[in-house]
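Trainee: coords please:
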Amino acid sequence: MASSLKALEIDVNEAPVHGNESSESQSPISLTLRAHALAAAASKIARDGNRSTESPESQFLFAHLDAVQQRARSWTESFSAYCERPNECDVPLLQLAHAIKLTPIEVLAVALTAAVEDDVMTGRTLAHLQAPLGGSRPTLGFLAASLTEMTAGNASALDVLATGVAIQSGLLTLMNDNAPLPERAVGVPLHLCQALNGNDGLLNGTTIGIDGPNAVPLPASFMDEAHQHARALLSSSQRVLIVRTGFNEEGRAVAVQTARAMGRRAVFIENEKTAALGPWLLMRQLLPVFCLELGPGERKLLPAIPGYDGPVLVLCGPDGGIETNFGAALNWTLPVPVLDERVKLWEMALGDSELAGELARHHRHGSGRIAQLGRLAHHRSILNGRTQPTMADVVAASWTGEGVRLEAIAQPITDSIPDDALVLTAALQTELTTFLLRCRARDGLVEGLGPSTTARYHPGVRTLFIGPSGTGKTMAAGWLAMKLGLPLYRVDLASVISKYIGETEKNLAQLLARAERAEVVLLFDEADSLFGKRTDVKEANDRFANAQTNYLLQRIESFDGITILTSNSRSRFDESFTRRLDMIVEFPFPGPEERRSLWQSHLGSTHGLNQKLLNQLAAVADLSGGHIRNVVLTAAVLAREDKRAIEYEDIITGLASEYRKLGRQMPVELQISL
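Mentor: Next up is the predicted model:
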């Protein structure tokens, strides 16, 4: 018998499916690959002169041999004829055999091994035949002895099975590692058994497709490009497409559409275990999609999939590199949809065209984030007894942090800062208003401008707030975020900075990627600790510190969102960093006029200080707004204890405490008694 059959090389999709016609219909046993494998085992026993029908196992076995030999003189001839017109139940295995070039011995070995998993009598019979070794799964030696008639020339059936594609691809797995090769049991993984029966099955670490409620609608441009990539992957030698996105659900939706354009389904792989994966992909028409999370400078070699040489997708963030054994990979970075597409996505998410237009104009959300905010806004509107979401619902939804995972490395600042809470000079108010307008116009800012402006434009906006402690830098950041309708997150530097080489860059990359997909305002307090000047290289640590600073400077420039950094001094920053900033806003120490307004703003209307005393405080107490706030809170504690309004003596007590904290002497003019 030849080592390969012509029947296994035909397109089994065109092969007619037969049943038990004519005289063969008298047999209760259907002719299948399983029947031929059992007939092969019975033939081996008969050749050994051990044919006996006393036991139920022997009767079961020889009934299959008799059924097969009704069609031909031997089971091998029957097998050849059967493969030309297979039963429908065997089409998946024969299609797989054609795709990965299984030998006939391997086809029958798989059929018999898989039969054990769903047929008790087959397992019982094999256990009977393999005594005293025992076990209902066939051993490699038993399969080789039963199927030796299929070998050509001097070929060894044991060698064909042990070194064949079935074991290499994971279709057959060897058990009992310490046993001699002939005594090692053979199994078919459960998910492959289910695939042979026409079902998807389950494989740990994988998920097929996306649940309906979690599917993310994609803009038309994404759909078109997904179809183009699908055609390219099927028609060229390019096998790997890397899809880069900051929003996981959006990337999965793109993978689903790309797979659909190929006539396949996407299966998302969360680990690097590819054993027994290839045959499953082929039988179930699945497109493998590896889901990776890489840090800056990190490189990952894409694992090979034994038995599969089709297209592969990789989902990852903006950082890191993917290496393959199949040549260079294509990269597709998912952009923020253009304005018209964002309008349509918001309309699908909210059902309100007017609100959709406003959100699309003022926010650069991706399709995944729009779908997520739409679901959350609908939920909030129902909680509030409304049938239609409002802008307030969308803004509130953006603060939930669901799916953003920023809380581990940044703290939300939820304080609402009204206009009259900010006490600013006219010049500072003008600069903050200009920055606010810059943020609102960032999406289409370069439209109509020259090529030198548009060539390297990034929609991200970066500003540095410079000024002494307590001059209102953080409060101004909160006011800007409120005006923009965006959440404000203060970066926890302790969670970002690491003593281990490369970890700081990785942490910051994760932070910025998550912030981009959520469209939040990031606040870096004391930013000079991260973005400070580069130093002369005197030892290895200096080299790594400079490399870290270089990465941070480059990454903050390409960040797509809004970044506010604060510091007490401009001189602590590298010149190359200040060049990357859109604005530097100076927060000067307040003068007497600003201090008077600060005292009034903090004290409110229920206090016992007259204008003369307020003027004196403003003129003599040279404190910033943050210190004035501390003084007023201390005075309020004293007044609350006596159930009265704040008096001047309470302020003096608070001032004394605050000056002691600062290590300074309180002005003598403030120590007068009334």
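Trainee: would you confirm that Gly317 contacts Gly246?
Mentor: Yes - between Gly317 and Gly246 there is a contact under CB atoms under 8 Å: 6.0 Å. No exception for glycine: its C-beta is placed from N, CA and C like everyone else's.
Trainee: for Leu436, give its distance to Thr463.
Mentor: 10 Å (CB to CB, to the nearest Å).
Trainee: quick one: contacts for the nearest residue in space to Ile651 that is not next to it in sequence?
Mentor: With sequence-adjacent residues excluded and distances taken as CB to CB, 6 or more residues apart in numbering, Ile651 is closest to Ala635, at 5.0 Å. Contacts of Ala635 were listed using CB atoms under 8 Å, 6 or more residues apart in numbering, and they are 646, 650-651, 653-654.
Trainee: swap in Ala81?
Mentor: 71-72.
Trainee: tell me which element it falls in.
Mentor: helix 75-84 (DSSP states H and E).
Trainee: now that helix: mean pLDDT?
Mentor: For helix 75-84, mean pLDDT rounds to 91.
Trainee: in that helix, which residues are buried?
Mentor: For helix 75-84, the neighbour count (16 or more other CB atoms under 10 Å) marks 75-76, 78-80, 82-83 as buried.
Trainee: center of this protein, which residue is that?
Mentor: What sits nearest the mean C-alpha location of the chain, by CA atoms, centre = their mean, is Asn248, with 3.8 Å.
Trainee: the helices in the stretch 251-400 of the chain, which residues?
Mentor: In the stretch 251-400 of the chain, helices defined by DSSP state H, counting those that start in this stretch lie at 278-283, 339-350, 353-362, 367-383, 391-398, listed in chain order.
Trainee: for those helices, give me JSON lines that also has distance to Thr454 and mean neighbour count.
Mentor: Formatted as JSON lines, the helices of the stretch 251-400 of the chain follow (distance: least, CB to CB, whole Å; neighbours: other CB atoms under 10 Å):
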{"stretch": "helix 278-283", "distance to Thr454": "43", "mean neighbour count": "25"}
{"stretch": "helix 339-350", "distance to Thr454": "16", "mean neighbour count": "20"}
{"stretch": "helix 353-362", "distance to Thr454": "20", "mean neighbour count": "17"}
{"stretch": "helix 367-383", "distance to Thr454": "24", "mean neighbour count": "22"}
{"stretch": "helix 391-398", "distance to Thr454": "29", "mean neighbour count": "19"}
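Trainee: and Glu149, how close does it get to Leu174?
Mentor: Distance from Glu149 to Leu174, by CB to CB: 23 Å.
Trainee: Leu436 and Thr463: who's more crowded?
Mentor: Thr463 (22 against 14; other CB atoms under 10 Å).
Trainee: just the pLDDT at Glu21, thanks.
Mentor: You'll see Glu21 listed with a pLDDT of 41.
Trainee: now the strand or helix carrying the residue nearest to Ile651: buried residues?
Mentor: For Ala635, the element it lies in under DSSP H and E is helix 625-641. By neighbour count on 16+ other CB under 10 Å, the buried set for helix 625-641 is 625-632, 634-636, 638-639.
Trainee: try stretch 516-531
Mentor: Within stretch 516-531, the residues that count as buried by 16+ other CB under 10 Å are 516-525, 527-528, 530-531.
Trainee: next, the contact list for Leu96, please.
Mentor: Contacts for Leu96 (CB under 8 Å, 6+ apart) come out as 102, 171, 279, 282-283.
Trainee: again, 7 Å this time
Mentor: Counting by CB atoms under 7 Å, 6 or more residues apart in numbering, Leu96 touches 279, 282-283.
Trainee: now, which of those residues sits nearest Ala185?
Mentor: Ala185 has its nearest neighbour among these in Pro279, at 19.1 Å by CB to CB.
Trainee: the closest one contacts Gln194, doesn't it?
Mentor: No - under the criterion of CB atoms under 7 Å, Pro279 is not in contact with Gln194, lying 11.9 Å apart.
Trainee: and Pro487, backbone torsions?
Mentor: phi -70, psi 150 (degrees, to the nearest 10).
Trainee: give me the distance between it and Leu233.
Mentor: For Pro487, the distance to Leu233 - CB to CB - is 38 Å.
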